[in-house]
Each structure stands twice: as C-alpha cells, then as structure tokens.
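Colleague: here's a sequence, model it:
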Amino acid sequence: MSIAWKTLFDTGRIARAALREQQECIREIHARLAAHLASPADTPAEYAVRPGPLPEANLGWRKNVFSTLFQSVYHLMDVPAPRRLLYGKLIHLFRIWVTSADNLLDGEDKEVVPLVMPGSARVMRQVVAVMAADRVLAGILNDAVASGTITDTQRDDLARESLCRLLPSAAQEATEEGGITNRPPPEEVLGVIHRLKTGLLFNVAFVGPEIAEPAVFDRTEPLREGLMNFGLGCQVLDDIRDMARDFLEKRHNYLLSVLSFQAPERLREWTARPPSVSDRLYLDVPQFALPAARRGFDLMVSGLRTLGEAGLGCSGAQAESMARAMFPVLDLEGLSVV
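Modeller: Here you go, the predicted structure:
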C-alpha cells in the first residue's frame, strides 16, 4: 500500500491514535471470543474446537484501513474515550458478522475469527464465528452499562440496532440469491443497490454515536457522506475486479450494467463462451473499465477529502495518492488512473 497511507497512520495524530485503539479493541474481542470457543473437556479429540492465536498481521494498519477510518471519525466527533473504545469493539463485531456472511455467500474463507476445527470447516467456521460474536456483543454491552459508559436504554437500543441496520443490506443480498434476471441501469446500481449493499456498511460506524451522542450526531452529515463515498468507490473497483464471478453468478455489478446498456454484444459473447471465474474481463473492455475505474477513484478521493477537511490529516493531494493505492489493494492488475 502506498506511502501516503503509511504516512497517515505513522504520523497523523488522529489516525495513529485510532489505529492503536482499534488494535486494543481487536485484542479484547479476540480474548472474549476465546472464552466461548472451547469445547467441553470431555469432547473426543477428533471433534474438539478451540480458539486459534491472534496473528500479529491482523493488528497491522494494512488489514485495518477501513476500521481505523471509522475509529478516526469518533475522534473527529470528540467522542469520550470510553465510548470510542466501545464503538471500536462494535466495529470489529460488525466486521465479523459481515465477513462471515460474505464467506458463506461467496464460498470464501477470509479469516476474522481464528478458530481450529476438524476438517476443512469452511462453512461451520463462519456459523460458529457469528454465534460467538453475538454472545460477545451481549457481554460488551452489559459491561458498558456496569461501568457507566452507556445507560440501560442505550444498551438495549444498541443491541437492537446492531442487527436492524444490517437488514437492508441483507435484504439486497437476498434479491441476488439464485441470480438476477435483468441488469438495471448503472446509476441505479450505484445510487440504490450499492448504497444498500456497501454504502450502509460504511455507515454502521455511526450506530453508536447516533444513540449515545445525539447532540454530536446531528453535525456528522459530512463525515457520513465522506465514508459513504469512500465505500461506494471501493465497491465500484470491487465490481471491476469481480466482473467474471458476477457475470457467471448473475449478480449486480456496476460495470456489467454499463456493458448491458452500452455494449450488450459483449455480454452475449460471454454467454456463448463463458469465462473462467478468475478471468480479468475488465482487460477485454478497457474503453468501459477505465471510465468506471475513474468513477470509483473520484468517489474515494471525494470521501477522503471530506474526512481530511474534517481534521483527519490528509490533504487533497494525499487523498488522491491514498485512493490510487487502493487499486493494488483491491487486486486490480493492469488498471490504473493517472
């Protein structure tokens, strides 16, 4: 990842402090999860489940860019430290829920909860991770009430909203089960579908402040829009990279919708001769992929500049460098914007 991101996390006062807090939150969540992830003592060895060690790499800034951006926002909002740490733990729990669900939907196995189980356990690791994270949420919220960090009512609201805010995104994903039959216009994909699918996930960081910091939350619209735009930009780049998978699985995709309306013959060619899921189809349509990449890039820059103007510590030029660095992070070989 570019030196611009490293500079932000190494020298930016807010980003550096936010990364340290996220690391503290990740360690605590891991410790709390471990307490729920050990089989009974009399379990036969071949069926035993136990927590795995927390890899040091899981604490680095390269794996926590988004979480640290969210944590930085709490500093920009002047949220008191005890509630910043509470919200940081909620961020990591959201990450576990969303990544585990994505793993189930996409047939992947991105590890967010180190867990040792017999067999390949690709599916069951996700199921157990979700169940364990839900139990950790209850413990964290109860402890926050006991320490006076939040009230009983705020705990109950956070418990309810932590799921409620994810439901629109879950419903959008549900519409793609079995594949879509028609590709909507690209602006509908970006402005409606992806706002539900991804943009909302970049705004779940505000669930805690909305409930416990109502006076401050009313002034956070620019921050929310900044994170939304950054998230949408990342999703556009995801769509470019995942063209082949989304085409084969008939999932919504910004660039495929562009082709559906501007070059439908390409989709007919791929229907007649299906690509491999690993094919980088965007390299076959650079005249459409490059403008889409520019759209994603501009959204990311806009979001980062908004956060920078709010005090994050990244200038306009640095925001462009940071956005450009997301291309290799998102595995977009052979595609760049200058």
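Colleague: all contacts plus neighbour counts: C-alpha atoms, from now on.
Modeller: OK.
Colleague: what about N229, how many neighbours?
Modeller: 24 (other C-alpha atoms under 10 Å).
Colleague: cool, T43 as well?
Modeller: Around T43 there are 11 residues (other C-alpha under 10 Å).
Colleague: in the stretch 101-250 of the chain, which spans are helices?
Modeller: Taking DSSP state H, counting those that start in this stretch as the criterion, the stretch 101-250 of the chain carries its helices at 122-146, 152-164, 167-174, 186-188, 194, 207-212, 214-217, 221-241, 243-248.
Colleague: make CSV from those and add mean pLDDT and distance to L76 to it.
Modeller: Shown next, in CSV, are the helices of the stretch 101-250 of the chain (pLDDT from 0 to 100; distance: least, C-alpha to C-alpha, whole Å):
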stretch, mean pLDDT, distance to L76
helix 122-146, 96, 22
helix 152-164, 96, 21
helix 167-174, 90, 27
helix 186-188, 97, 31
helix 194, 93, 26
helix 207-212, 94, 12
helix 214-217, 84, 10
helix 221-241, 93, 9
helix 243-248, 96, 36
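Colleague: how about those in a markdown table, adding distance to A101?
Modeller: Listed next are these as a markdown table, based on distance: least, C-alpha to C-alpha, whole Å:
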| stretch | distance to A101 |
| --- | --- |
| helix 122-146 | 7 |
| helix 152-164 | 13 |
| helix 167-174 | 9 |
| helix 186-188 | 24 |
| helix 194 | 17 |
| helix 207-212 | 20 |
| helix 214-217 | 29 |
| helix 221-241 | 17 |
| helix 243-248 | 17 |
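Colleague: who wins for proximity to L54 among the ones you listed?
Modeller: Closest to L54 of the helices of the stretch 101-250 of the chain, according to C-alpha to C-alpha: helix 122-146, at 14.2 Å.
Colleague: show me the domain layout of the protein.
Modeller: 1-164, 198-338 (automatic domain parsing).
Colleague: could you dump those domains to a markdown table with distance to R183?
Modeller: Output for the domains of the chain, formatted as a markdown table (distance: least, C-alpha to C-alpha, whole Å):
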| stretch | distance to R183 |
| --- | --- |
| domain 1-164 | 20 |
| domain 198-338 | 6 |
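Colleague: pick the most deeply packed of the ones you listed.
Modeller: Highest mean neighbour count among the domains of the chain (mean count of other C-alpha atoms under 10 Å): domain 198-338, with a mean of 19.
Colleague: C25: what's its closest spatial neighbour, skipping adjacent residues?
Modeller: K89 (5.1 Å; C-alpha to C-alpha, 6 or more residues apart in numbering).
Colleague: does that neighbour sit in a helix, a strand or a coil?
Modeller: The local conformation at K89, judged by DSSP: H, G, I helix; E, B strand; the rest coil, is helix.
Colleague: isn't it right up against R27?
Modeller: No: the criterion here is C-alpha atoms under 8 Å, and K89 misses it with R27 at 9.6 Å.
Colleague: if I pick R50, what's in contact with it?
Modeller: With contact taken as C-alpha atoms under 8 Å, 6 or more residues apart in numbering, R50 is in contact with A34, L37, A38, S39, L115, V116, M117.
Colleague: pull up the distance across stretch 40-48, start to finish.
Modeller: Distance between the two ends of stretch 40-48: 8 Å, counting by C-alpha to C-alpha, to the nearest Å.
Colleague: ok, residues contacting that stretch?
Modeller: Against stretch 40-48 from outside (C-alpha under 8 Å, 6+ apart): A38, S39, M117, P118.
Colleague: would you turn the residues you listed into TSV with distance to K6?
Modeller: Conversion of the contacts of stretch 40-48 to TSV gives the following (distance: C-alpha to C-alpha, whole Å):
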residue	distance to K6
A38	37
S39	40
M117	35
P118	38
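Colleague: apart from its neighbours in sequence, what residue is nearest D102?
Modeller: Closest residue to D102 apart from its sequence neighbours, by C-alpha to C-alpha, 6+ apart: E108 at 7.5 Å.
Colleague: E176 is nearest to which of the domains of the chain?
Modeller: domain 198-338 (5.9 Å).
Colleague: contacts for stretch 18-34 next, please.
Modeller: Contacts of stretch 18-34 (C-alpha under 8 Å, 6+ apart): 9, 50-51, 54, 59, 61, 64, 67-69, 71-72, 75, 85, 88-89, 92-93, 113, 132-133, 136.
Colleague: now do the strands in the chain.
Modeller: 50-51, 115-116 (DSSP state E).
Colleague: determine the set of other helices and strands touching the last one.
Modeller: What that stands for is strand 115-116. strand 50-51 (3 or more C-alpha pairs under 8 Å, 6 or more residues apart in numbering; DSSP states H and E).
Colleague: no further queries at this time; thank you.
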